[in-house]
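[1] Pasting a predicted model and its sequence here:
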Amino acid sequence: MNRKMTRNRTWGRVGILALVCGLMLAAPVLAAEGGKDREAFEQAQQELNQSHYEQAAQLFFQLGSDFPDSKLAADALYWEAFARYRLGGTSELRRAVTALENLRTAHPDAEAMRDAEELLTRLEGVLAEQGDSEAAARLYRRVQALTTDLDDVYLLGPDGRAARAGARVSRDEMLASVHVLPGGGPGGAYFLSDGEPVTIVRGPDDEDDVRLAALNALVRMDEDKALPILRKTLTRRGEGTERLRERALLILAQMDSEGAEDLIVEIAREDPDLEMRRAAVRWLANVSEDKAFAAVEAILEEEGASELVENVVFVLAHHNTPRAHRLLRELALDEKASRRAREQAILGIGRFSDGEDFEFLREMYGKLKDPELRKLVLLSVGHIAEPETAAWLMDVAMSENETAENRANALFWAARGGEVDVSRLAAVYEKAPGETAAERRALREQVLFLLAHDGSDEAVDTLIEIVRGEEDAKLRLKAVFWLGQLDDPRAVEVLEEIINQ
């Protein structure tokens, strides 16, 4: 990746002493300045820098949910996707793709988009290798979209020079000679048939750029006159029109008129190009509720709705109304819907909860057998900041009938809601349930993580007690590590004690 996570390292005495103890202190102490969104972003950065990818993904996701208008929201989506990419696994990879699609829709001009396209290609390549036919098709379409005619397609090798003599090639030659596989390193995402990595570069299309500039100018001057021209542009078909139509749709989505809304709905429901329909469906989030929901309900009734249902979820999650919640709940329960659609529906319920959502999610959790969906329900409940949700999550965390992973996740989300005090965390540490020592240790490690991020005097005192009294060497080492992250003079004293033993 080209982007590097910035690190404001403030080591101090605590960091040096922790290193003397043989621990790697890979994250900075959180800076005190800045707003809550900055604090949340820096906390997520810390987790990512320490390779705690699951926690980082959760925190970046929550930042986007809690601060959708923050200047950091675009970067949070990118790093959420990156963390899920590092986690691996089909479910996490697909959720990473969703995060990048949300980035593309909500922040098309963000700096993060420059690297998001590369990451998206890598994600789709990995999914394609795992047998995901939709990802393979999207990757193949990416090649097709980049190749239009003899004059503007170039193959560049890893050093940026022409991969072959006469780098400009025809569309047919391109598709015949390029294998659609994920590529590593600077060579890009594609390989020639002889194994040489290449980057496919689409040359400039000056005519399209002029058209788009003229459309932008006309929209600013007179939207009524621009609308018929946009309609004509969006109905163009033929070779090389994809980019022009995509950009025209983006211009249309920025317009604030009833005619623009009607045209977005029309494209979302009727356009013959599936990719254009997907893009238009996502832009229904900007359309008035009645029109957007009428379109959404009609799309869900179509035979081929599975191709668009994930984009529909995106729209529902951005309309915080009873009607949206009803549709999200129906979709979450629909066993005929795609897995990704159900996942996104579950997440959307928690992010935009109303008074009935907690009971719905709790009942759903008890009926679900799928471990991944159960995990997402816990995450979704964790976004509903109410005392009763924290109490239920704590019950899950202490249940002997749960998996070790679900106990840890339930505890994390209960504590994140701010309804779990240090004394309750200490009780979980002492009475940690689990069939094996490894399961009990995993839950206790989660408690140590949460105590360190609580940062209160009581939390520091509890960590110190664990460092001094824990007999499990692995847990004691973990407690020392987290104690070393805190800018507290008592931590220095304890670490000095360990050194002098």
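    In hand now; what should we look at? Numbering: from 1, shown residues only.

[2] which helices and strands does whichever strand or helix holds E430 pack with?
    Per DSSP states H and E: E430 is located in helix 422-431. Counting contacts by 3 or more C-beta pairs under 8 Å, 6 or more residues apart in numbering; DSSP states H and E, helix 422-431 is packed against helix 387-397, helix 437-454, helix 457-469. For glycine as for every other residue, the C-beta is placed from the backbone atoms N, C-alpha and C.

[3] by how many degrees do the last one and helix 422-431 diverge?
    Calculated by axes from the mean of the first three to the mean of the last three C-alpha atoms, to 10 degrees, helix 457-469 forms an angle of 20 degrees with helix 422-431.

[4] What are the buried residues along helix 457-469?
    Neighbour counts over helix 457-469 (16 or more other C-beta atoms under 10 Å) mark A459, V460, T462, L463, I464, I466, V467 as buried.

[5] Report the contact partners of the residue nearest to L59 when sequence neighbours are not counted.
    Excluding the flanking residues, the one nearest L59 by C-beta to C-beta, 6 or more residues apart in numbering is A44, at 3.7 Å. By C-beta atoms under 8 Å, 6 or more residues apart in numbering, the contact set of A44 is A56, L59, F60, L63, A76, W79.

[6] On the pLDDT front, check A44 for me.
    pLDDT for A44: 92.

[7] for E173, same thing?
    48.

[8] With D115 as the reference, measure out to A135.
    To D115, A135 is 19 Å away according to C-beta to C-beta, to the nearest Å.

[9] surely K478 meets L448?
    Yes: the criterion here is C-beta atoms under 8 Å, and K478 meets it with L448 at 5.4 Å.

[10] List the buried residues in stretch 99-116.
    Neighbour counts over stretch 99-116 (16+ other C-beta under 10 Å) mark 99-107, 110, 112-113, 116 as buried.

[11] what does it contact?
    By C-beta under 8 Å, 6+ apart, stretch 99-116 touches 1-3, 61, 64, 73-75, 77-78, 80-81, 84, 119-120, 123, 250, 279, 282-283, 285, 314.

[12] repeat for stretch 245-261
    Here stretch 245-261 has contacts from 108, 208, 212, 215-216, 219, 223-224, 226-227, 230, 233-234, 236, 263-264, 267, 273, 276, 279-280, 283, 286-288, 291, using C-beta under 8 Å, 6+ apart.

[13] Pull out the buried residues from it.
    Quick answer for stretch 245-261 (16+ other C-beta under 10 Å): R245, R247, A248, L249, L250, I251, L252, A253, M255, G259, A260, E261.

[14] Among those, which one lies nearest to E402?
    A253 (43.8 Å; C-beta to C-beta).

[15] For V422, see how far away the spatially closest residue to K431 that is not a sequence neighbour is.
    Spatial nearest neighbour of K431, chain neighbours left out: M398 (7.2 Å); criterion: C-beta to C-beta, 6+ apart. Separation of M398 from V422 (C-beta to C-beta): 16 Å.

[16] Find the helix or strand that the residue nearest the centre of the chain is a member of.
    With distances taken as C-alpha atoms, centre = their mean, the residue of the chain nearest its centroid is A99 (3.5 Å). Assigned by DSSP H and E, A99 belongs to helix 90-106.

[17] export that helix as PDB, just CAs?
    In PDB, the C-alpha atoms belonging to helix 90-106 read as follows (Å, rounded to 0.1, in the frame of the first residue of the first chain):
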ATOM      1  CA  THR A  90     -14.400 -14.500   2.900                       C
ATOM      2  CA  SER A  91     -16.800 -12.700   5.200                       C
ATOM      3  CA  GLU A  92     -14.200 -10.100   6.200                       C
ATOM      4  CA  LEU A  93     -13.000  -9.600   2.600                       C
ATOM      5  CA  ARG A  94     -16.600  -9.000   1.400                       C
ATOM      6  CA  ARG A  95     -17.200  -6.500   4.300                       C
ATOM      7  CA  ALA A  96     -13.900  -4.700   3.200                       C
ATOM      8  CA  VAL A  97     -15.300  -4.500  -0.400                       C
ATOM      9  CA  THR A  98     -18.500  -2.900   1.100                       C
ATOM     10  CA  ALA A  99     -16.500  -0.400   3.000                       C
ATOM     11  CA  LEU A 100     -14.700   0.700  -0.100                       C
ATOM     12  CA  GLU A 101     -17.900   0.900  -2.100                       C
ATOM     13  CA  ASN A 102     -19.300   3.100   0.600                       C
ATOM     14  CA  LEU A 103     -16.200   5.300   0.400                       C
ATOM     15  CA  ARG A 104     -16.500   5.600  -3.400                       C
ATOM     16  CA  THR A 105     -20.200   6.600  -3.100                       C
ATOM     17  CA  ALA A 106     -20.000   9.000  -0.100                       C
END
